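Enquirer: Make a model of this:
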Amino acid sequence: MKKSLFIIVLFGLFTNGGFASILKTAFEKEEFESVHAMFYQTDENFSITGPNELCMYNGNVIGEFFGGGLSTDVFRWRVIHSDGSILVDRVGAFQTFNHTFSEAGFFDIELTVRRGANQMFSGTKTIKINPDPDLVLAGSYLLCENGTATLTLLNPESDVSSYQIEWFDGNGNTIGTENSIVVDKPDNYRVDFNKTSGELGTPVCHLSLSTFVYQPKDYSISISESEVCFSGTDITVSASGGAFGSWFYQKEGTEVKELLGEGNELVFRRGVLDGPGNYDIIFEVDNSANEYCKLSDSVTLNLIVQPSFRFYFESGSETCGSEDGVLVILPSVDLDYVQLRKDNENLTRLFNLKQGEEFRISGLKAGVYRASGGIGSCTTGRSAAVPHSNPGPDLLYSLEEIIGETCNETGKINGSFKVKMLEEGVGRNFIIYNSNGVSIQSGAIENNEFEFTGPSGNFYFEIINQEGCVNPSPERIRIESKGQVSFSVPTRITVCETFDFIPDTNEDLIFTLTFPDNSTEIKKAGESFVLNQEGTYTLKGIDADLERAFCPRESSFIVNLTSPVAYEPELVSKDCFGNQQFKVNLFGSDPSKVDIRWFNENNQIVGTGEILFPTSHGEFKLDVQPKNSESCPMPPKSFIVNKPVVNLDILMEAGVLCPGSDSSITLVTDLGGFSSRILWYFIDLDGNVSELQDFEDQTQISIQNPGTYESVVFNDLNCEIGRAFVSIAENSEFADFELPEKLIICESFEYFPESELDLFYEVIRPNGDQITVSKDIPLIIDQFGEYSFTSFPSNISESFCPITKTVTVEIADAVRFEPELYEKDCNGRLVFRANLFGTDITEVDIFWFDEKGEFVGNEEFMEPVSYGEFSLEVRPKGSKGCPAPNKVEFEVIKPVVELDARLNATPFCPGNETVTLTLEGDLNQVSNINWYFSDHSGRYSILEDFSGQYEIAVSEEGTYEVEVFNDINCLLFKDLILVVKSRDEVRPEVNETYQICAQLGIAEVIDPGIFSFYQWYLESDLISEDPTFSPKVAGNYTLTVTSFEGCDYSAAFTVVEECNVEVKHPTGMKINDPERPFLVYTNYLVDQLDIWIYNKWGQLVYHCSTTNLSQGEPYCIWYGDLNGETIQPGSYSVKMTYRNNSEKISNSTFSNLMVLE
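Expert: Numbering: from 1, shown residues only. The predicted model follows:
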């Protein structure tokens, strides 16, 4: 019996389109049991037992290792990559350790074993992980090559020599040991193989695969014509035996094959081919079910150049029997021949016609002729008519109507034309020809008319009378084509129960589908029909475009139904190291006949075989569909891959083990339902391990002995998922604290014992209630009697033993008290007193606190040395503080012994009846104000009417005095002021009116005099506070000035706009008359003036020149004298020249002056 490590490998993969499945495990059952027994025996010897070499299959492999020792030992397994990174680090009672390797290379398996608190073993083992074998074995084969099939296990280019291979038939007989074998009969074949390792070729990595061999199906293909002209009827190709596949064409001399379509049979137009030439029509069978050996077949097709030429008449026939008509043939390509026929009679044959060369055929009677042009075996027919130039009356006709193709409910209806004879007659016949000159209909003309019905195209006809005279239609008659909708459907669809089918079209159509049971359903293009019946379906498409209105089209297809596959995902195994294996249960279905897809939580495909080893967790899905069928209308089945809980961080809290008492150990980790079993172990100080069976499955235990305690947690598979241990020693350090024997309190008191340690306390109150107190939650003592305090460290890492102390509590009533100002004087001294309302001073404790909260006294009286918010607390003698509010706050205000103030008076201006005196300063501590008055004679009086007022109005000149007192009549301030009425007579000086010219920038500067303050207003708007002012706009102005004594005076003036230069003089004067002299007035714009006065002979009799003129003043006054004599009365001429210097304006005027005697 072998004693070596084994690995169970479950393997499934797609190779060459098939499925290779597991045949058996590496060893027989008895071998497995022996190895398993070896791994779980008790072994005091430690080692890392396991494979030295493993092979990956389908991307991973599981390795199993054994460490020896006892089942109670603690094993730490680590897997270390060759680059030094740690892949796994697990601690627990894992004598056996499994790990899934998913990468080839060398890895170290490191093991450390602990027994109790002592390390027993440490070692390392190196393992080699080989990459996946390059498998090419398919899931099934066909007997194709002369009735044989070649089965190959490994890619021949891989290292085949490192494998031992053995093939078996269905009866278990060995049939080969090579990588490839040839079989000649259907069967289920199996292959076992091992990888050999080392110089001795030791077999490792055993695996078994199986495959099926079947008899193939066969087929042949055929073509309707192997040699055809470029234009003509459609070509049909088909495959026998119901073979379905794709059709292609490949032109001779090219490397590319082009798709024609799919199906068992295909009809295609010649125009889809790439012009004339030799073609292979290729059929590639759909072999998705692996049923055919012959995967493709082909037939040849010769597409000949289509002959092309023009055929038309040049001249017609004059009489019934004359042979003078002429037809012309003009080849468009080189032709081997052209044959002219009339009524199946060969008239002539022309050979080797060149492109573009005209050929005339003369001597023809009236009628329709046919010319056939040929290139090889390919011909093209044309029709042309030699018209009758002078037909008889019985041959005359009219073409009544031409009707193009029209539509019916399922397709197109042929068109037609009708011919009516113009005269009645008997014995007349007609013949109708197509565009190729072929007679397609003939007959007698009845009722003087005949009609033709046919498909679209070009037609001619002849009318023949009893004498045999022929009158052909000179022009071709065209029956217009009608468009027909276009869509495509497959000829066969395999459906699993139901299928949403959408017809393929790029047109706007309305479809009517007739089911095999003759029921119908209507859908728009793009909408789906549900196919759920087996049989033949008929699909009719109708044009939804009413303007285009193409004819309908019908097409049929066959639906084959298949049934969905019954399947379920099943969890078949999971281990203690997180490895999980799922398998699809097909309930007896052949795995090679279905498509399997596993989806992970991100909807990614992670497997296509029967087996799944998930590497993530979440909601997975499994989808199984029949092969070669549309998908079954059933969603994939969801299942949950739970994240394996293989390791929990176990945390413990242990109490302090104090002399003579118990302690406890608690598992504080939230096991979250993962735990199904908890074991406890005790390791004494000598290293002996014993199981504490009484504590099984408990999360808290009570202990009495020092030593090491270990807890191990298992899951529902009995796999260890975590462990932790704690060492307990007996402690001699105590959680000490200070507590008085007796405590007096006032009604209630917040209390927390004093200690150098960070402690909390379990307190038992006199009424028996037990509470926990800490620094954050102090104790409220409000009961009379004994309190018990037991101490514990606040920090769980500190191990102090608890101590219990007691204190007796007495309760006293609170004292009524109030602080009061007892005494103060004019020097600023203050004394406060604690008013106890009759309580004896010896029965209380007094506490005074200043504005900083600092203690400043404990007597009945307190004299403060600072100021602010003080407080007073009074307690019963020896008591702790009373409940809040246990202090009374009061304000100590700094006494004012001298007031910082001043006495002000308003100006006593002319026109004012009174003046206001105001005391200014901080008057908050002022209790009384006295006013006094002394006149110029020294008489002194008290102004009692103004007592207590800080502002008074007086009307007499003299000296006023004020005195200010506080509430204890201390003088804080004294001042006096002299009140004298102003005698200043200076007032602002302004004119009533000023002229300006803003556009010339001319304005006068107004200077009202010297004052303390100036305010210039235009209407009500303040526009300047300067001492002088130059107005820029016209309007009403007000000036307010303040004198140096503080009195305000106002003056008003008006500013007008004047921009015209004005110079005026009288038009007449009297000689030597002071009342009526000659004189000139100017306005303010004139700076310089010149006057010349001339007599009638041009003699200058007076001249005047002046500057610095003022408006309103007369200038150049003349009384009519000249050189000491008077001038003669009469008319004189006056010339005036005036100038504005700032704007450089200069002007001259002329006027008359009448001088009177």
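
Enquirer: rest of the way, CA atoms for contacts and neighbours
Expert: Fine.

Enquirer: Find the residue ranges of the stretch 651-800 of the chain scoring beneath the pLDDT cut-off.
Expert: For the stretch 651-800 of the chain, applying pLDDT under 70 flags the ranges 675.

Enquirer: in the stretch 851-1000 of the chain, which spans are strands?
Expert: With DSSP state E, counting those that start in this stretch as the criterion, the stretch 851-1000 of the chain has strands at 855-857, 861-862, 868-876, 888-892, 901-905, 915-921, 928-934, 940-942, 951-954, 958-965, 971-979, 993-996.

Enquirer: same question, the stretch 151-300 of the chain
Expert: 163-168, 174-176, 180-183, 187-197, 202-214, 221-223, 227-229, 235-239, 245-251, 258-263, 265-268, 277-285, 296-304.

Enquirer: do you know which of the ones you listed lies nearest Thr839?
Expert: Smallest distance to Thr839 across the strands of the stretch 151-300 of the chain (C-alpha to C-alpha): 103.2 Å, for strand 202-214.

Enquirer: will you turn the strands of the stretch 151-300 of the chain into a markdown table that also has mean pLDDT?
Expert: Shown next, in a markdown table, are the strands of the stretch 151-300 of the chain (pLDDT from 0 to 100):
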| stretch | mean pLDDT |
| --- | --- |
| strand 163-168 | 92 |
| strand 174-176 | 93 |
| strand 180-183 | 93 |
| strand 187-197 | 88 |
| strand 202-214 | 82 |
| strand 221-223 | 91 |
| strand 227-229 | 83 |
| strand 235-239 | 88 |
| strand 245-251 | 92 |
| strand 258-263 | 86 |
| strand 265-268 | 83 |
| strand 277-285 | 93 |
| strand 296-304 | 90 |
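
Enquirer: thinking again about what came up before, looking at the strands of the stretch 851-1000 of the chain, spot the one closest to Thr804.
Expert: Here strand 868-876 is closest among the strands of the stretch 851-1000 of the chain (C-alpha to C-alpha), at 29.0 Å.

Enquirer: Residues touching the closest one, excluding its own?
Expert: Identification of contacts with strand 868-876 by C-alpha atoms under 8 Å, 6 or more residues apart in numbering yields 746, 812-815, 817-819, 834, 843-851, 853, 881-882, 886-893.

Enquirer: try 7 Å
Expert: Contact with strand 868-876 is made by 746, 812, 814-815, 817, 819, 843-851, 881-882, 886-893, as judged by C-alpha atoms under 7 Å, 6 or more residues apart in numbering.

Enquirer: Of all the residues in that strand, which ones are buried?
Expert: Phe870, Ser871, Leu872, Glu873, Val874, Arg875, Pro876 (16 or more other C-alpha atoms under 10 Å).

Enquirer: how close does the third one sit to Ile745?
Expert: Read it as Leu872. Separation of Leu872 from Ile745 (C-alpha to C-alpha, to the nearest Å): 18 Å.

Enquirer: Likewise for the fifth one?
Expert: For Val874, the distance to Ile745 equals 13 Å [C-alpha to C-alpha].

Enquirer: for Cys1047, same thing?
Expert: Taking C-alpha to C-alpha, one finds Cys1047 at 75 Å from Ile745.

Enquirer: neighbour count winner among these two?
Expert: Counted by other C-alpha atoms under 10 Å, Cys1047 and Ile745 do not tie: Ile745 has more neighbours, with 27 against 18.

Enquirer: helix/strand/coil for the more buried one?
Expert: Secondary structure, DSSP: H, G, I helix; E, B strand; the rest coil: Ile745 is strand.
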